[in-house]
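Novice: Need coordinates for the following:
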Amino acid sequence: GDYDYRECWDDNEYRNFGCQDNFNAFWLETPPSVHMPTEFNVSVIVTYPLGWDIDLFERGNGFEINHLNMHACTIGQYCVPQVGPDTSTVFHSTTLKLNATTVDYEQGFASAESILFLTLNPGIWTVFVHLRVMELLDNQTVQHDLAYAFELSVLEEKCDKQKGETFSENGDRCE
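Specialist: Residues are numbered from 1 along each chain as shown. Got it, this is the predicted structure:
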C-alpha cells in the first residue's frame, strides 16, 4: 500500500489544495503491510505550525493536540473518522491527547511522538492515523484535521496449537 497518503480538512471542509505547511504526520517506522490477527502498533510523529495560536481551553481540552487516534475500515467500506465502529468492518483505537515535546523554531513547527495500538480481524484494511488541532483565528476556533493512511493485509493465523506449532506458514510466531 501507499504509506504516504494524506488528506486534510478545516472545520469539516475538505482542503482540495493539500495540508497546511508543518501540519503533518510521519511514520517513525514503516507500518506493516501484512500482519497476523493480533494487536499491532504504529509509531508516529505529529506536527503543527508554530504560527498557530492553539485553542487549549475552549475546544482544545487543555492539550495542544487534542485528538490523535487510529481508524481502520475494510477495503471498499466508506472510511472517514466519523464512521462509527462496529465489530467486523470498522475499528477505532483509543483517542489520545498530547502536548508538543519538541519545538523547532528554525523549521517553524512543534511536534509530539506517540504509539497507537489496534487489533484487526483477517482481511484487507485501510488504516489511518487521525490528528486534530484547534487554532484560534480572529476570535474563532478553527478545527484542523489530518488523516495519514496505509493499506494493511491481516492474515488468518495458520497454526495448529494442539500440535504445538509455534510459527505460521509465513514464519510469524503464533500467539
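
Novice: which sections of this protein are below the confidence cut-off?
Specialist: Applying pLDDT under 70 to the chain flags residues 1-4, 37-38, 82-87, 157-175.

Novice: show me where it has strands.
Specialist: Under the criterion DSSP state E, strands of the chain are mapped to 5-10, 13-14, 24-27, 34-35, 39-49, 53-54, 65-74, 90-92, 96-98, 102-104, 109-119, 123-137, 140-154.

Novice: and the nearest residue to S88 once chain neighbours are set aside, how far is that from L68?
Specialist: Nearest residue to S88 in three dimensions, chain neighbours excluded: N121, at 6.5 Å (CB to CB, 6 or more residues apart in numbering). Every C-beta, even on glycine, is put in place using the N, C-alpha and C of the backbone. Using CB to CB, to the nearest Å, N121 is found at 23 Å from L68.

Novice: So the two - more neighbours on which side?
Specialist: L68 (24 against 14; other CB atoms under 10 Å).

Novice: so who does the more buried one touch?
Specialist: 44, 46, 95-98, 114, 116, 129-132 (CB atoms under 8 Å, 6 or more residues apart in numbering).

Novice: In this protein, which residue is most central in space?
Specialist: Nearest to the mean C-alpha position of the chain, by CA atoms, centre = their mean, lies V129 at 1.1 Å.
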